[in-house]
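[1] Here is a sequence together with a model predicted from it:
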Amino acid sequence: MPHAHHASVDSYWVSASLVLVALLYLRGWLHLRRLNLDSVQAWRAGGFMLGLFLIWLAIASPLGALDHEMLTAHMVQHLLLMTFAAPLILLSAPVKTLVYGMPHRLVQVMGRLFQSAGLHHVLRVLAHPTICWLGAASTLVAWHIPAVFVLGLRSQMWHGIEQASFLAGGLLFWWPVVRPWRSASKWPESSLLVYLFLAILPCDILSGFLVFCERVVYSVYSSSSQPFGLSALEDQQCAGALMWTCVTVVYLIAGAIVTARLLSSDGPQEYAIQQSETQAIGLRKSDVQRMEVV
């Protein structure tokens, strides 16, 4: 396989980074519980760890190298990063919990960074549902253009950028749906049903094309050795069917949850469990200072 040595080294760095993030999150989660603050539920913490594991599975596990031989493996990576890991990360209150797990000096630096009005404006723009939808859809379409797809396979650097953009695109897409803090979106919750429906369309178009196309779209797989005895065309059809099924089912489940919330007797509630990154950092700084005084 090309770039095997570099891929192995990168996998170690990715694994080490994910372990570090997991430890910081666990430290912050325990810190919140110990201080008896607005602690994060255990299921959210478990979801964060599961999300990190899915990221590792997609990028740093043997599956991360198998996408050079099978389009289905590439599609599994894509689904793990955009469709499963991203919402699990957002549901876990990552900002507040990680802030409470970080060293005080790093929190101070981040506090100065997030006091920037320009950064707040950029975050508000990025959180707009239209931007989130376009960002995710553009990432999906761009990386499946044959010439761009082959570039990601042949260049280790572009392969890493591709995987990072899948995760970033997934975080953008799920942002208005999960609403990791109250100010994430001012759109009515009922609009999320239209948002989810429109998000299915580019996925279904791409997956339908892969399933029903009678030729191999990505010729790089024509000469690769298929590990499970599938032909390149059968592998392509399997990848398209997998994407079609998983994306449709996950988005329908998300739509059903949104609908149930709209029809509940209590009325729509906020998904948020924190106010903003700036407030979380501010709470952490004041908490550390209070402990130092004591």
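    Happy to help now that I have it.

[2] so who does the residue lying closest to Gly240 once chain neighbours are set aside touch?
    Excluding its sequence neighbours, the residue lying closest to Gly240 (CB to CB, 6 or more residues apart in numbering) is Leu210, at 3.0 Å. For glycine as for every other residue, the C-beta is placed from the backbone atoms N, C-alpha and C. By CB atoms under 8 Å, 6 or more residues apart in numbering, Leu210 lies in contact with 71, 217, 236-237, 239-240, 243.

[3] Check the residues you listed and tell me the two furthest apart.
    Val217 and Met243 (13.1 Å; CB to CB).

[4] Tell me which of these two has more neighbours.
    Met243 (25 against 18; other CB atoms under 10 Å).

[5] And that one, how far from Val250?
    For Met243, the distance to Val250 equals 11 Å [CB to CB, to the nearest Å].

[6] and if you look at Val109?
    From Val109 to Val250 the distance is 37 Å (CB to CB).

[7] Have a look at those two and say which one is more surrounded.
    Per other CB under 10 Å, whichever of Val109 and Val250 has more neighbours is Val250, with 16 against 12.

[8] And Gly255, how far from Leu192?
    Relative to Leu192, Gly255 is positioned 8 Å away (CB to CB).

[9] before we move on, the earlier item: can you classify the residue nearest to Gly240 by secondary structure?
    Look at Leu210: counting by DSSP: H, G, I helix; E, B strand; the rest coil, its state is helix.

[10] Now for this protein, the helix or strand with the poorest mean pLDDT.
    helix 277-293 (a mean of 48; mean pLDDT, DSSP states H and E).

[11] quick one, helices of the stretch 101-250 of the chain?
    104-114, 117-126, 129-143, 146-154, 156-178, 191-212, 232-263 (DSSP state H, counting those that start in this stretch).

[12] highest average neighbour count across those helices?
    Mean neighbour count (mean count of other CB atoms under 10 Å) peaks for helix 156-178 among the helices of the stretch 101-250 of the chain, with a mean of 20.
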